[in-house]
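Q: Got a sequence here, can you model it:
(one chain, ligands or ions: 1)
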Amino acid sequence: MRSESPGRTSVLQTRINIKYQESIFEMAQHDVIIVGGGTAGCVLANRLSEDPNVSVLVLEAGEDRSDDDRVYTPGLAGSVLDDPKFDWQYVSEPSPSMSNRRMKHPRGRVIGGSSAINSLAIIYPSAADIDVWAELGNDGWDWKTLAPYFLKFQTIEPPNDEVKKQVNIIHSDETIRKSNGPVRTSFPSQVTALHKIWLDTFRNLDLENVSDPLTGHAIGGHTSTCHITGDRCERSHAGVAYLDPILERKNLTIIRNAMVHRLAIGKDSSGPIVRGVWYSQHGILHKVAAKREVILAAGTFNTPQILELSGIGDPIILEQHGIDVVYANPAVGDNLQDHIRAWVSFEVNDDAPVPRPTPIDKARRMYEGNRSGPLTQNGAFMFSYTPLAPFLDPEGHDKLKSMLDRHLEDDGSCSPFLRKRNGFIRKAIESADEATAVSFLSRKTQDGSKGGNFITLNSMLSHPFSAGSVHITSTDPQIRPKIDFDYYSNPIDLEIHARHVKVLEKLAETEPLASIIKPRGRRLPEGYPTDTINNAKEVARDFAMTNYHPCGTCALGAVVDSRLNVKGVRNLRVVDASVIPIIPRGNILATVYAVTERAADIISEDLGLHRNT
Ligand SMILES: Cc1cc2nc3c(=O)[nH]c(=O)nc-3n(C[C@H](O)[C@H](O)[C@H](O)COP(=O)(O)OP(=O)(O)OC[C@H]3O[C@@H](n4cnc5c(N)ncnc54)[C@H](O)[C@@H]3O)c2cc1C
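A: Residues are numbered from 1 along each chain as shown. Below you'll find the predicted structure:
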């Protein structure tokens with residue numbers, strides 16, 4: 001177990017003794033009920049309960065496992081995936097354009113949600129990625145409005161002098177100074193040769209990032225931050241950052257192991273109105289009333305599931321399951337997007353400056369002893385916002401143009417949303433200033449290969465045209481919904497991704513990265529060359545995997561309005577990754593935090609709350 005400081009112990013005592021009730025009286029009432037104590041849910045709980053006159057209830061299906069070393073230790077990220085105590089263990093439907101592969105889709109089932117089990121990287125969207133949300137008609141969801149919230153959710157801890165001098169830290173001093181939020185984010189504590197090699201390789205390709213990523217205009221290779229505390233080297237997730245400091249607020253109640261089944265919806269002369277929620281705990285069904293509103297923050301898979309189980313969704317699907325239609329909206333559960341990641345591993349020279357694995361027992365002792373060793377980090381610092389345009393020769397350029405013309409031809413049947421989205425993605429593909437992929441370097445091989453010393457170059461497709469859906473398959477809330485991404489169903493996605501696999505190869509051929517890769521060494525996936533675009537397509541089709549960023553299933557404009565109200569039903573909002581209408585480039589956690597901080601301001605304004613922050 002973690003060695004605890006006195007301050008930490010008292011917070012834990014408070015958490016155990018005071019806040020977590022094991023049951024709740026039938027028809028207890030709260031002003032606001034938040035469904036899900038995950039990333040968005042913890043932010044909302046903190047910000048909304050700032051007003052002592054508002055009672056806030058959080059219902060979380062999982063436990064609080066913040067004190068489990070597999071949650072707080074950065075280097076153990078990934079070790080809880082597949083464990084039902086931490087993970088909802090979702091699996092997607094086979095994707096026909098990906099050799100019919102299914103994929104595991106973990107989601108955090110704990111306080112802090114997916115931020116407590118994720119890979120810790122903090123990556124930012126471009127200004128254009130967000131501006132397109134406003135161009136879809138979502139007032140106030142432009143980059144200028146959202147940008148300050150990227151500083152509000154986090155405190156960026158300044159890099160030490162050595163790190164600052166040696167690696168390309170492009171966050172300005174002012175950005176770092178202005179950031180003042182609960183989540184603590186930090187740069188790598190030490191510079192390794194690999195950090196420098198990564199940056200120099202991009203410099204040699206004329207793609208070293210020179211712009212602060214919080215300006216919305218970063219492009220190229222850089223050193224990023226992770227949500228790890230600089231002093232204790234612990235995961236700073238939504239639970240510890242936003243909930244721990246406020247557990248003693250008398251107007252805040254958090255109930256764990258509370259699985260929400262559906263909404264309690266009444267009707268008056270103005271139409272349907274949400275009155276509360278039904279949830280089960282330890283096999284007993286409870287109903288709790290909301291005096292003002294319910295906010296769904298159950299994530300991209302579970303929020304649409306709860307809406308459908310409550311009669312809000314596509315009437316065809318609801319009727320199939322005998323659910324009375326409260327409000328017909330076929331957009332619920334649609335527009336599912338994700339970042340798919342292709343990878344190639346290269347064996348490195350025996351003398352390459354790549355850290356060799358430390359035996360896990362030793363690594364754990366170092367970490368628990370004095371917060372040293374490899375477990376203080378998880379390695380996710382070497383990133384690049386990578387455009388495709390600079391890597392295209394004239395032939396590639398022409399081929400892509402004709403493919404875009406052919407597949408995006410609008411015969412007039414395109415919805416305004418698709419027309420706008422397709423135009424946005426096309427512009428990004430053709431621009432040298434937008435990242436069609438986010439690339440990063442990792443040490444782990446993706447096929448579990450043992451033996452040999454490898455680096456893995458990864459490339460996640462920023463803006464897929466392909467989209468899927470999440471829908472219920474049963475009226476039983478315990479039965480998992482059907483999750484269908486339909487990856488690469490639009491052939492342009494595979495074409496772009498294959499070309500980015502070629503970019504990975506180009507990186508591996510560029511100095512100084514080239515010099516650490518073993519000549520005629522092993523490459524993974526074994527037997528899959530990437531010499532041609534067609535071969536690169538095979539690699540993507542057979543081996544690309546999710547980077548765990550599902551979003552979009554209750555999209556702004558389609559399911560919720562620009563105040564995050566669910567259309568057609570009063571006293572109900574959605575705030576989580578499902579409201580993202582078009583997926584931004586790179587890892588989406590920072591965007592989820594920024595969206596939620598802004599949502600908290602919108603909700604506070606609408607409910608007339610008094611807050612200090
Ligand atoms: C393995 C993994 C690695 C990732 N790596 C990164 C990364 O490195 N960087 C990055 O930017 N992003 C990463 N992400 C993505 C990022 O963490 C998520 O996009 C983000 O945390 C989602 O926030 P959310 O609030 O929408 O959902 P969540 O944080 O998942 O919260 C949903 C909460 O609702 C609860 N809940 C669900 N259903 C119910 C119900 N019926 N009743 C009660 N409670 C319920 C859940 O238990 C959970 O606590 C990763 C995600 C995963 C899974």
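Q: The ligand contacts on the stretch 1-150 of the chain?
A: Residues of the stretch 1-150 of the chain found near the ligand, taking C-beta under 6 Å from any ligand atom as the criterion, are 35-41, 59-62, 81, 106-109, 113-115, 117-121, 123. Heads up, the C-betas are built off the backbone N, CA and C, glycines and all.
Q: Show the contacting residues for the residue of the stretch 401-550 of the chain found nearest the ligand.
A: Among the residues of the stretch 401-550 of the chain, Tyr548 lies closest to the ligand, at 3.5 Å counting by C-beta to the nearest ligand atom. Contact analysis of Tyr548 by C-beta atoms under 8 Å, 6 or more residues apart in numbering lists His105, Pro106, Ser114, Asn118, Ser119, Asp338.
Q: repeat that for 10 Å
A: Going by C-beta atoms under 10 Å, 6 or more residues apart in numbering, Tyr548 touches 81, 103-107, 114, 117-119, 338-339, 341, 460, 587-589.
Q: residues near Asn100, how many?
A: Using other C-beta atoms under 10 Å, Asn100 has 9 other residues around it.
Q: which residues touch it?
A: Per C-beta under 10 Å, 6+ apart, neighbours of Asn100: Glu93, Pro94.
Q: What's the separation between it and the ligand?
A: According to C-beta to the nearest ligand atom, to the nearest Å, Asn100 and the ligand sit 23 Å apart.
Q: My read is that Glu378 contacts Leu120, right?
A: To be clear, residue 378 is Asn; Glu isn't right here. Yes: with contact defined as C-beta atoms under 10 Å, Asn378 and Leu120 form a contacting pair (5.3 Å).
Q: what's the overlap in contacts for those two?
A: Pro74, Gly75, Ala77, Cys226, Ile228, Arg235.
Q: Tell me who's in contact with the residue lying closest to the last one once chain neighbours are set aside.
A: Okay, so that is Arg235. Distance criterion C-beta to C-beta, 6 or more residues apart in numbering; nearest residue to Arg235, sequence neighbours excluded, is Tyr72 at 5.2 Å. If a contact means C-beta under 10 Å, 6+ apart, then Tyr72 has 2, 65-66, 116, 228-229, 232-237, 240, 367 as its contacts.
Q: next one: Ser119
A: Applying C-beta under 10 Å, 6+ apart, the residues near Ser119 are 74, 77-78, 226-227, 378-380, 440, 442, 547-548, 587, 589.
Q: Those residues of the stretch 151-300 of the chain touching the ligand, which are they?
A: So far as C-beta under 6 Å from any ligand atom goes, the stretch 151-300 of the chain lies against the ligand at Ala258, Met259, Val260, Ala297, Ala298, Gly299, Thr300.
Q: ok, now with 8 Å
A: Contact residues (C-beta under 8 Å from any ligand atom) of the stretch 151-300 of the chain with the ligand: Cys226, Ala238, Ala258, Met259, Val260, His261, Tyr279, Ala297, Ala298, Gly299, Thr300.
Q: Next, format those as TSV and append neighbour count, pLDDT and distance to Phe202.
A: Below are these laid out as TSV (neighbours: other C-beta atoms under 10 Å; pLDDT from 0 to 100; distance: C-beta to C-beta, whole Å):
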residue	neighbour count	pLDDT	distance to Phe202
Cys226	22	96	19
Ala238	32	98	32
Ala258	26	97	47
Met259	19	98	46
Val260	25	98	46
His261	20	97	50
Tyr279	23	96	49
Ala297	31	99	37
Ala298	29	99	39
Gly299	28	98	34
Thr300	29	98	32
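Q: Can you name the two of those residues that sit furthest apart?
A: Cys226 and His261 (35.9 Å; C-beta to C-beta).
Q: ok, back up a step: inside helices: which ones of the contacts of Ser119?
A: Leu589 (DSSP state H).
Q: What subset of the contacts of Ser119 is buried?
A: 74, 77, 226-227, 378-380, 440, 442, 547-548, 587, 589 (16 or more other C-beta atoms under 10 Å).
Q: and stretch 142-161, average pLDDT?
A: If you average the pLDDT over stretch 142-161, you get 96.
Q: if I look at Thr223, how far off is Trp198?
A: 8 Å (C-beta to C-beta, to the nearest Å).
Q: shared neighbours of the two, anything?
A: Val167, Asn168, Phe381, Met382, Phe383.
Q: Report the beta-bridge partners for the fourth one.
A: In this case it means Met382. Taking DSSP bridges as the rule, Met382 bridges to Thr223.
Q: you'd agree it is up against Ser439?
A: Yes: assessed by C-beta under 10 Å, Met382 is found in contact with Ser439 at 9.0 Å.
Q: okay, and the common contacts of the two?
A: Between them, Met382 and Ser439 share the contacting residues Trp198, Phe202, Gly221, Leu457, judged by C-beta under 10 Å, 6+ apart.
Q: burial measure for Trp278, as a count.
A: Based on other C-beta under 10 Å, the number of other residues close to Trp278 is 17.
Q: give me the residue from this protein nearest the ligand.
A: Nearest residue of the chain to the ligand, counting by C-beta to the nearest ligand atom: Gly38, 1.9 Å away.
Q: Surely Arg262 forms part of a helix?
A: No: per DSSP: H, G, I helix; E, B strand; the rest coil, Arg262 lies outside any helix segment and is strand.
Q: Excluding residues flanking it in the chain, which one is nearest Ile472?
A: Glu308 (4.7 Å).
Q: Could I have the CA atoms of whichever strand or helix holds the one you found written out in CSV?
A: Taking DSSP states H and E as the definition, one finds Glu308 inside helix 299-309. C-alpha atoms of helix 299-309 as CSV (Å, rounded to 0.1, in the frame of the first residue of the first chain):
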residue,chain,number,x,y,z
GLY,A,299,-19.6,8.1,-20.6
THR,A,300,-19.9,7.4,-24.4
PHE,A,301,-21.3,3.9,-24.0
ASN,A,302,-23.5,4.1,-20.9
THR,A,303,-25.0,7.5,-21.3
PRO,A,304,-26.9,6.6,-24.6
GLN,A,305,-27.8,3.3,-22.9
ILE,A,306,-29.5,5.1,-20.0
LEU,A,307,-31.3,7.4,-22.4
GLU,A,308,-32.6,4.5,-24.5
LEU,A,309,-33.7,2.5,-21.4
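Q: Name the residues that touch the next helix or strand after that helix?
A: Next along the chain after helix 299-309, taking DSSP H and E as the criterion, comes strand 312-313. For strand 312-313, the surrounding residues in contact (C-beta under 10 Å, 6+ apart) are 262-263, 265, 272, 274, 304-307, 318, 321, 323, 325-334, 471-472, 554, 559, 566-569, 572.
Q: Since that was my last question, I'll sign off now.
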